[in-house]
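Student: below: sequence and its predicted model.
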Amino acid sequence: MSLLLSLHMQRGDFELNVDTALPSIGITAICGPSGSGKTSLLRCIAGLERAPQGMVQFCGDDWQTQRQFLACEQRGVGVVFQDAQLFPHLSVAGNLRYAQNRQFRATGPSFDEVCEWLQITALLNRDVNKLSGGERKRVAIARALLRHPQLLLMDEPLSGLHDAARDEMMDVLQILPQHLSLPIIYVSHSFHEISRLADHVLLLENGQLIAEGDLVELSTRLDLPLSRQQDAGAVLNATLVEHEADYQLSTLQLASGHQLSVKQISARPGQSVRLFVAARDISISLDAPTQSSILNILNCTINTSDTNTDSNAETDNPVNRSQVTVRLALGEQYLLARITRKSYDRLNLHAGQQVFAQIKTVALVNEYGVAS
Ligand SMILES: Nc1ncnc2c1ncn2[C@@H]1O[C@H](COP(=O)(O)OP(=O)(O)OP(=O)(O)O)[C@@H](O)[C@H]1O
C-alpha cells in the first residue's frame with residue numbers, strides 16, 4: 001500500500017471521515033452520490049485543501065502530519081479538474097510545453113509518447129479555445145502527465161461529454177495504466193465509467209467510507225448501492241480462449257470454467273480480459289433452454305437476492321416494488337440479474353437453487369476491455 005490516508009474534516013453539517021490505505025498501482029475510483037465528499041477527499045490528497053485532523057503519507061513520505069503540510073506543488077501530484085483549466089492564451093503545444101518545463105521528476109513519458117496515448121498530436125498547433133470538450137480533456141490529461149507526477153488525480157474527467165465522446169475518452173483512459181507506472185485516483189459518480197476503468201474502489205456516502213476493495217468483488221455486493229443503480233452489473237475477469245473468425249465472435253473463459261461468447265475482441269488467446277455484464281441483460285430460467293438464440297447459457301446457483309432494488313419506488317415496503325436483483329454464483333465469481341418481482345415469485349426463486357442465466361451475446365458488445 002502506498003497512499004495512507006487518515007482525513008477528518010467538518011464543514012457545517014458535512015463531515016468527512018476516511019481512514020484507508022490505497023494501492024500503488026492501477027486506477028482507484030472514488031465513487032459516491034453528489035455531495036458525498038469525493039472532490040473534498042481528492043483535494044485533501046492533492047494538498048489543495050487541509051483537513052484539520054489529517055495524515056497523508058505517500059510511499060513513506062509525509063505529505064501531511066500534525067506538524068507539516070506539503071502544498072500541491074511539493075507533493076508532485078498531477079491534477080486534472082472537471083473543467084480542464086487550460087491556459088487560454090497558449091496553444092495546445094504551449095500548454096504542454098509549459099508543463100514539460102516544470103517537471104516534478106526527470107523520469108517519465110516523453111512528449112511524443114503522451115501525445116500519442118492521448119491522441120492529440122494533430123491538435124498541437126490549435127488554439128485551446130477552439131477545441132471540443134473531449135479534446136480539451138485529453139489535452140488537460142496530457143499536460144498533467146508531462147509534469148511527470150508520482151500520482152495522478154482526476155476529478156470527473158468525463159463530465160459534460162456526450163455519450164460518443166465519453167466512450168472515446170474511456171478507450172483512451174483504459175490504456176493509460178499499461179503505459180504508466182504511477183497510481184491514478186479517479187473521481188466519478190458513474191458506475192459505467194468505473195466498471196470500465198477502475199481496479200480498486202472507495203465508496204463514499206455522506207462523507208463516510210462505506211466500502212472499499214477490488215471492483216470485481218464490490219460490483220456484485222447486494223448490500224452496497226452499486227448493485228441498486230440502473231446500470232448495475234458484474235465486473236468479471238476472464239481469459240480469451242479463441243476467436244471464431246467466421247462469426248466475428250470470441251470465446252472467453254471464467255475461472256469457474258464457464259465460457260461466454262462475445263463480439264470479437266482484439267486480444268490474443270490466453271490473454272486476460274475484463275468483462276462487464278449488466279444486470280438488466282441477464283434473464284433466469286429453471287431449465288436449460290435447448291432451442292434458444294441466446295448463446296450464453298450458464299449453469300449457476302442463486303446466492304442471494306435483493307428485493308429492494310428499485311430504490312426510487314414510493315414505498316419502503318419490498319412487497320410493493322417491481323424489481324429484484326438476484327446474485328448468481330459461478331464458482332468464486334458472481335453475476336447480477338435484474339428481473340421483475342413477478343418473475344421472481346412465479347419461478348419461486350430462492351437461495352441455493354440451481355438455475356440457468358441467459359446472456360445475449362449482442363448485449364456484451366463493447367462492454368469488455370483487455371485487462372492491464
Ligand atoms: N468550499 C466549500 N465550503 C463549504 N462547503 C463545501 C465546500 N465545498 C464543498 N462543500 C460541501 O461539502 C460536501 C461535499 O462536497 P464535495 O464537492 O466534496 O462532494 P462530491 O461528492 O464531490 O459532490 P459532486 O459529485 O456533486 O461533485 C457538500 O455538502 C458540499 O456542499
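Tutor: Yep, that arrived. Numbers count the residues shown, from 1 in each chain.
Student: shaky segments in this protein?
Tutor: For the chain, the stretches with pLDDT under 70 are 1, 309-320, 365-372.
Student: can you show me the helices along it?
Tutor: With helices called from DSSP state H, the chain shows them at 38-46, 72-75, 92-100, 111-117, 133-145, 163-179, 191-197, 215-218, 341-346.
Student: so how far is the fourth one from its chain's centroid?
Tutor: Looking back up the chat, that one is helix 111-117. Chain-centre distance of helix 111-117: 23 Å, with Cα atoms, centre = their mean, to the nearest Å.
Student: who does that helix touch, helix- and strand-wise?
Tutor: Here helix 111-117 touches helix 92-100, helix 133-145, helix 163-179, going by 3 or more Cβ pairs under 8 Å, 6 or more residues apart in numbering; DSSP states H and E. Glycine gets a C-beta too; all of them are placed from N, C-alpha and C.
Student: and those helices, which is most packed in?
Tutor: Of the helices and strands packed on helix 111-117, the one with the most neighbours on average (mean count of other Cβ atoms under 10 Å) is helix 133-145, at a mean of 23.
Student: and that helix, what does it pack against?
Tutor: strand 77-80, helix 92-100, helix 111-117, strand 151-155, helix 163-179.
Student: which one of the ones you listed lies nearest to the ligand?
Tutor: strand 151-155 (7.7 Å; Cβ to the nearest ligand atom).
Student: is the closest one anywhere near the ligand?
Tutor: No - Strand 151-155 does not reach the ligand (Cβ under 6 Å from any ligand atom); its nearest approach is 7.7 Å.
Student: for that strand, which strands pair with it and how are they oriented?
Tutor: For strand 151-155, the paired strands and their directions (DSSP bridges) are strand 77-80 (parallel), strand 184-188 (parallel).
Student: switch those over to CSV; also include distance to G26 and mean neighbour count.
Tutor: Listed next are those as CSV, based on distance: least, Cβ to Cβ, whole Å; neighbours: other Cβ atoms under 10 Å:
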stretch, distance to G26, mean neighbour count
strand 77-80, 16, 24
strand 184-188, 7, 23
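Student: could I get the helices of the chain as TSV with distance to L86?
Tutor: Putting the helices of the chain into TSV (distance: least, Cβ to Cβ, whole Å) gives the following:
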stretch	distance to L86
helix 38-46	18
helix 72-75	18
helix 92-100	5
helix 111-117	15
helix 133-145	6
helix 163-179	16
helix 191-197	22
helix 215-218	31
helix 341-346	50
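Student: in a markdown table, list those helices along with distance to the ligand.
Tutor: Listed next are the helices of the chain as a markdown table, based on distance: least, Cβ to the nearest ligand atom, whole Å:
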| stretch | distance to the ligand |
| --- | --- |
| helix 38-46 | 3 |
| helix 72-75 | 16 |
| helix 92-100 | 25 |
| helix 111-117 | 27 |
| helix 133-145 | 16 |
| helix 163-179 | 16 |
| helix 191-197 | 13 |
| helix 215-218 | 18 |
| helix 341-346 | 31 |
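Student: before we move on, the earlier item: looking at the helices and strands packed on helix 133-145, which is closest to L16?
Tutor: Of all the helices and strands packed on helix 133-145, strand 151-155 sits nearest to L16, with 15.4 Å by Cβ to Cβ.
Student: can you tell me what sits against that closest one?
Tutor: Here strand 151-155 makes contact (Cβ atoms under 8 Å, 6 or more residues apart in numbering) with 3, 38-39, 42, 45-46, 58, 75-82, 141, 144-145, 180, 182-187.
Student: rerun that using 6 Å as the cut-off
Tutor: Applying Cβ atoms under 6 Å, 6 or more residues apart in numbering, the contact partners of strand 151-155 are 39, 42, 46, 77-82, 182-187.
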